[in-house]
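>>> pasting a predicted model and its sequence here:
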Amino acid sequence: MNYEKLYNKEYLQQLAYNEQNNHKKLVAKIKKQKPKQFDYMMAEYHGEAFEIFDCLKCGNCCSGLGPRIMAKDIEKLSKKLKVKEQVFIDEYLIIDEDSDYVFKSMPCPFLGCDNYCFVYEQRPKACSDFPHTNHTKMLKHISLAVKNSSTCPAVFYILEKLKEDFLFD
């Protein structure tokens, strides 16, 4: 597979769409088998994927996904920007249909044209946790990988590696 092509957002979305049913079946198979070493496998593939893929070449998550902004995130970000929390909320956030704070618009207002994050050290927890492939107890989180595979080339890569391990056609 040509990994460089996975940086192309439209290409990745189409590929993930084409593999969605296979990835869902794979996740179901993994959950049914409950492999004891699954967290180790995921940690290995997560590390491998991020040796191949450079987030700064991609930026799909920051340009297309709206993270939930928690109270602690608001506190950190307003401090970084040297504004009062309410000013930060008024300037950057809205409440969505789930009653969560999210950015008013996407791409993220702190994303530079070079895919660098202006607030990287204080970025929201949802951002620092993405793409959710390096948690403990990954069996609980693996279903999210199917969804995230259309946004993150590293996640798509990880699912494809898992298909090889679980002899999935």
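On my side now, so go ahead. Everything numeric here is computed off the predicted structure, so don't read it as measured data.
>>> which residues of this structure fall in helices?
Remark: helices assigned in the chain by DSSP state H are 9-33, 38-52, 60-64, 71-81, 85-92, 125-129, 142-148, 153-165.
>>> let me see the mean pLDDT of the last one.
Across helix 153-165, the average pLDDT comes to 96.
>>> now swap in stretch 56-74 and tell me
The model assigns stretch 56-74 a mean pLDDT of 95.
>>> equivalent analysis for stretch 118-138, please.
On average, stretch 118-138 scores 94.
>>> contacting residues around the most centrally placed residue in the chain?
Among the residues of the chain, the one closest to the centroid is residue 131, at 2.7 Å (C-alpha atoms, centre = their mean). Contacts for residue 131 (C-beta atoms under 8 Å, 6 or more residues apart in numbering) come out as 61, 145, 148, 151-152, 154-155. Backbone N, C-alpha and C define where each C-beta goes, glycine included.
>>> could you do residue 135 as well?
129, 141.
>>> try residue 72
Taking C-beta under 8 Å, 6+ apart as the test, what residue 72 contacts is residue 125.
>>> mind doing that once more with 10 Å?
124-125 (C-beta atoms under 10 Å, 6 or more residues apart in numbering).
>>> with residue 54 instead?
7, 115, 153-154.
>>> what's the closest of the residues you listed to residue 40?
Closest approach to residue 40 among those (C-beta to C-beta): residue 154, at 17.5 Å.
>>> quick check, the closest one in contact with residue 42.
No. Applying C-beta atoms under 10 Å as the test, residue 154 and residue 42 come out as separate, 11.7 Å apart.
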